[in-house]
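Colleague: mind folding the following:
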Amino acid sequence: MGKAQIGATSALALHSLCAAGLATGYWLSHSLYSSSLITDPARTLRFLTVCEAPIVIFLFSWLRRDHDRCSFIKAVGRGLIGLPIGALINAFGAIVLGAPVGLKYWPATIYWSMLMSLLTFVPAACVFGASKLDWQHVLSYSKPSNVVDYMLLVPANGAILGAWLGAWPMPLDWERPWQEWPICVSYGAIAGHLIGMLLSPVLIFLHQRHIHTKTE
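Modeller: Numbers count the residues shown, from 1 in each chain. Next up is the predicted model:
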């Protein structure tokens with residue numbers, strides 16, 4: 001799956017596989033333990049992480065930007081290293097923004113952070129590695145300049161925005177079970193990520209059409 005072969009259809013297929021990983025994790029958690037994000041968030045998030053991690057790392061390692069200098073195995077290693085690094089960043093951000101730090105919340109926080117790392121940080125780690133220029137481009141929120149950028153940035157930003165919106169009901173005095181940390185932020189992140197994965201191929205199609213029109 002080289003860089004030149006990636007288009008809107010390929011992006012949709014890749015994102016569909018990633019979505020299937022999330023669905024499989026949720027289905028296994030429910031089938032084996034009758035658990036969900038509401039009844040047992042830590043266990044459900046663990047299943048989501050375990051099912052999603054190999055799919056994300058495998059697929060995005062094929063899209064590595066430096067094919068000549070980086071093998072597929074090395075890109076997989078970058079994804080494996082990026083998983084805990086991204087989790088630490090997400091956990092730190094969540095705690096700073098008010099996530100509870102009690103001992104009973106730590107298992108759910110760890111697995112939520114790992115899943116958020118897969119949705120946001122790991123794909124870019126597989127593709128970019130330690131490329132300073134590429135990371136500066138991502139962190140500056142510049143407009144995506146190629147197909148892979150759209151595949152990385154749109155779903156990742158969707159997950160971040162979804163988690164932020166999902167956190168809004170938590171402090172409200174509704175006394176609903178799903179207001180517990182990190183249930184609604186998990187639903188929000190997953191929903192935002194899925195919307196981003198649907199939107200990404202559309203933006204890729206428009207981007208390629210714009211480039212084709214300019215070259216004519």
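Colleague: hey, which helix or strand in the protein has the poorest pLDDT?
Modeller: Taking mean pLDDT, DSSP states H and E as the measure, the helices and strands of the chain show their lowest mean at helix 132-139, namely a mean of 79.
Colleague: buried residues in that one?
Modeller: Along helix 132-139, the positions that meet the burial threshold by neighbour count (16 or more other CB atoms under 10 Å) are D134, H137, V138. For glycine as for every other residue, the C-beta is placed from the backbone atoms N, C-alpha and C.
Colleague: where does the chain have low pLDDT?
Modeller: Low-confidence segments of the chain, defined by pLDDT under 70: 1-5, 141, 212, 214-216.
Colleague: center of it - which residue?
Modeller: In the chain, the residue lying closest to the centroid (CA atoms, centre = their mean) is L119, at 0.9 Å.
Colleague: same for the helix or strand containing that residue, what does it pack against?
Modeller: Secondary-structure assignment from DSSP states H and E places L119 in helix 106-120. Applying 3 or more CB pairs under 8 Å, 6 or more residues apart in numbering; DSSP states H and E, one finds that helix 106-120 makes contact with helix 41-62, helix 72-96, helix 147-167, helix 183-215.
Colleague: excluding sequence neighbours, find me the nearest residue to the residue nearest to the centre of the chain.
Modeller: Excluding its sequence neighbours, the residue lying closest to L119 (CB to CB, 6 or more residues apart in numbering) is A159, at 4.1 Å.
Colleague: many thanks, we can stop here.
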